[in-house]
Structure formats: structure tokens, C-alpha cells
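J.: Here is my input; please provide its structure:
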Amino acid sequence: MRDDPRLDEAKAIPIENIAGMLDIPGLKRAGNEVTGPCPVCGGVDRFSISPRKNLFNCRQCGGGDGIKLVELVQGCDFRAALAFLCGEAAAPVSPEEQRRRVRRAEEARQKSEEEARRYREKAIHAAKKIWAEAAGGTLNHVLHYLDRRAIRIDGLPLCLRDIDRHKYYQINGREAVHVHTGPCMVAAIQRPDGRLSAVHQTWLDPAQPNGKARIVAADGRVLDAKKVRGSKKGGAIRLTGALKSDVLVMGEGIETTLSAMVADTYPGAMYWAGIDLGNMSGRMRPVDGRRWSGLPDMTDKEAFYPPPWVKRLIFIQDGDSNPTMTRAKLESGLRRAMALNAGLVAQIVHPGKGVDLNDILMGVADAG
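T.: Okay, the predicted model is just below:
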């Protein structure tokens with residue numbers, strides 16, 4: 001059966017076209033994939049199609065190529081799927097079945113949105129509890145850590161706090177496993193309206209070369225010493241507090257952004273940390289033949305954009321990550337900002353290949 005002469009013809013059909021032939025409801029593009037409710041089990045957060053790989057996947061129903069997709073949706077065998085794809089046998093979906101699928105997709109979408117809303121509210125509540133716990137900190141851990149990184153400023157930003165003994169949990173599926181307790185720098189992440197929506201946590205250890213804790217999981221893997229709790233999308237760590245300047249300088253991390261602030265290249269500017277590249281760029285619009293287009297998907301309404309009073313936006317590009325990807329993401333974020341803020345001037349500052357601003361700052365401090 002696998003020698004069927006129709007096989008090559010069926011395999012040549014792009015899987016996105018096959019999804020269209022099957023009239024699967026509720027699909028939408030998300031980055032480089034097409035996602036939506038699974039046409040069989042109805043799970044919104046389970047079903048995706050990768051046009052680049054020409055494959056689909058549902059975490060409950062399984063995955064495979066376009067032929068497998070026809071078998072799944074039509075409930076047919078391999079030979080019938082080939083016949084459908086090669087136009088030899090129409091397998092139309094009845095109006096009743098189509099209405100059932102649309103209804104299931106809508107119910108699944110509503111259920112998924114409600115679950116996401118409840119999870120987001122729970123995460124924000126947890127972030128606020130951590131921020132309140134950090135209110136009693138001495139800031140000694142933060143001061144020592146920043147000093148180790150050659151970041152010496154008069155008066156710490158109000159958005160930074162610390163906790164003497166803060167627990168680190170590794171998430172394994174639905175289980176949270178406690179793997180470390182130690183000092184932690186906690187930074188407030190604020191939404192565009194100024195409300196706290198998340199906290200950025202950095203576990204510290206002065207015995208380590210970079211001042212950050214070395215956290216090891218039960219299986220021996222070294223875990224990232226940084227975690228975000230809450231809802232970070234569209235938010236920022238406002239290191240210059242309530243200052244309203246028409247110049248905003250933004251790096252990905254706290255250390256990079258504070259290093260730019262210490263250098264004072266843009267006197268009077270606001271300095272905000274963007275948390276990560278994905279938050280700074282928002283979702284990118286896919287372009288055929290380009291892995292990272294650098295073009296913003298303007299349907300992403302939760303992506304970061306600067307306040308309306310900002311007239312000049314400067315993104316700092318770290319030199320120690322993939323340069324092509326990093327540049328494209330930063331360009332996407334700047335283009336989004338310029339599209340939403342008429343007259344905005346935007347630019348990218350690059351400290352050099354293989355380094356970030358804090359590397360340069362520490363090098364200057366060591367040389368002195």
C-alpha cells in the first residue's frame with residue numbers, strides 16, 4: 001500500500017493546503033505555526049500545524065504528515081486518505097458535522113480563554129505576594145551583587161528588592177519540586193498602566209564568579225538562576241521609576257540596562273529592562289524563506305510598546321546571543337513601536353560581537 005503511485009502526489013501537497021481542504025475551523029497563524037482547536041478532540045492548546053516541517057501535532061490525538069491529518073479528521077484509512085487528496089473520492093463533511101465542529105471549536109476556545117484568565121490571575125496574585133515578602137529585605141544582597149557586576153549607582157531603583165531565603169521550584173509537568181533556597185533579587189514588572197503584574201527573580205550567590213546562584217536539578221541539570229512569576233507580557237522593569245522622559249533606553253536584562261544607565265550616554269533618559277527578547281519584540285510576522293522576518297505581527301495586542309510621550313526609543317543588542325535572531329526581534333519591536341507612535345525615532349545600539357554592556361563595564365572596572 002505504501003508503494004501506491006498516488007503517494008508522491010499526496011505528499012507534495014502542503015499541509016496548510018490540506019487543512020484548508022479539510023475545512024478545519026478556528027485555525028489561525030501564530031508565528032511560524034498555525035494553531036487552533038483540534039478538529040477531533042477539541043483541545044485549543046493541543047493542536048498545531050507547522051508549514052515549514054509539513055507536519056501537524058495534537059498532544060492528545062497524535063501527529064504526522066498531511067496524509068495522517070486526513071486519516072484523523074476524516075476517520076478513514078490510508079487508501080481513502082490518498083483518494084481524498086488526489087481528488088478521486090470526495091469526502092464532504094455534512095452540514096451537521098461542520099456545525100458540530102464549529103460549535104466544539106468555539107466551546108474549546110471559550111474554555112481555554114477562561115482557563116488562561118484564571119491561571120494569569122493566580123500567577124499575578126503569587127507575584128504580588130513575593131513582592132510584598134521582599135518589602136522587608138535589607139537590599140544588601142542586591143548591593144553586593146551589583147557591585148560585583150561593576151554597577152555602582154547612588155540610590156538603588158525602587159523596583160528592586162531582595163529576600164534572604166527564597167525558595168526555587170523546578171516545575172515538572174504539574175508538580176513543583178523545591179530544589180534550592182537562597183538570597184534572591186526581586187524586580188517589579190509593571191504593565192503599561194503602571195500596575196505590578198509580575199516579578200523577576202534572580203537567585204544570588206557571592207561565591208559564584210558571576211554572583212548568581214548555581215542551581216542544580218535532581219537529575220543533575222543546571223537550571224537558570226532567573227525566573228519570572230506573574231504575567232510579564234507587555235510589561236517592563238522601570239529602573240528609573242516614575243521619571244517621564246522622551247528618551248527610553250531598553251536592554252533585555254537588568255544588568256545590561258543598569259550598565260547603560262551607569263555609562264549615562266543619554267542623560268535624563270528613562271532606563272527600562274525589557275525582561276526578554278520575546279517581550280521586547282512581540283510576535284513576528286512570518287515571511288516565506290526567512291526564519292526571522294523582523295516584521296511585527298500587529299495583531300499581537302499584548303506586545304510591549306513605549307508610552308506615548310516617548311519620542312526616541314533605543315534598544316540595546318547583546319552581543320553574546322544569536323546575532324541574526326536578536327537583531328530581527330529588536331527590529332520587530334522597534335517597527336511595532338514606530339507604527340503605534342507616529343514620529344517616534346528608533347535605533348539599536350550594539351556593544352560588539354560576543355559581549356554585552358556589562359562585560360564592557362566590568363572590563364573597564366578591572367582595568368582601573
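
J.: Just the pLDDT at the residue nearest to Ala236 when sequence neighbours are not counted, thanks.
T.: Excluding its sequence neighbours, the residue lying closest to Ala236 (Cβ to Cβ, 6 or more residues apart in numbering) is Trp272, at 4.2 Å. Any C-beta I mention is one placed from the backbone N, CA and C, and that applies to glycine too. The per-residue pLDDT reported for Trp272 equals 97.

J.: Could you say which helix or strand holds Trp272?
T.: In the assignment (DSSP states H and E), Trp272 maps to strand 270-273.

J.: Just read off the phi/psi values of the closest residue to Ala346 other than its chain neighbours.
T.: Once flanking residues are discounted, Ala346 sits nearest to Leu334: 3.9 Å by Cβ to Cβ, 6+ apart. The phi/psi pair for Leu334 (degrees, to the nearest 10) reads phi -70, psi -40.

J.: hey, where'd the strands end up in the stretch 151-300 of the chain?
T.: Ranges of strands within the stretch 151-300 of the chain are 160-172, 175-190, 196-203, 215-216, 222-223, 226-230, 237-238, 247-251, 270-273, based on DSSP state E, counting those that start in this stretch.

J.: and the fifth one, what does it pack onto?
T.: So the one you mean is strand 222-223. Under the contact criterion of 3 or more Cβ pairs under 8 Å, 6 or more residues apart in numbering; DSSP states H and E, strand 222-223 touches strand 215-216.

J.: what mean pLDDT would you report for the strand it packs on?
T.: 94.

J.: ok now it, how far from the chain's centre?
T.: Centroid displacement of strand 215-216 relative to its chain, using Cα atoms, centre = their mean, to the nearest Å, is 23 Å.

J.: Show me the domain layout of the chain.
T.: Here the domain assignment for the chain is 7-93, 235-368, based on automatic domain parsing.

J.: among these, which is nearest Asp162?
T.: In terms of Cβ to Cβ, the element of the domains of the chain nearest to Asp162 is domain 235-368, at 12.6 Å.

J.: related to what we said a few turns ago, I'd guessed the residue nearest to Ala346 sits against Val345; true?
T.: No: in this structure Leu334 lies outside contact range of Val345 using Cβ atoms under 8 Å: 9.8 Å.

J.: Give the intersection of the neighbour lists for these two.
T.: Leu313 (Cβ atoms under 8 Å, 6 or more residues apart in numbering).

J.: what's near enough to touch the one residue sitting closest to the centre of the chain?
T.: Taking Cα atoms, centre = their mean, the centroid of the chain lies closest to Gly278, which sits 4.3 Å from it. Going by Cβ under 8 Å, 6+ apart, Gly278 touches Lys329.
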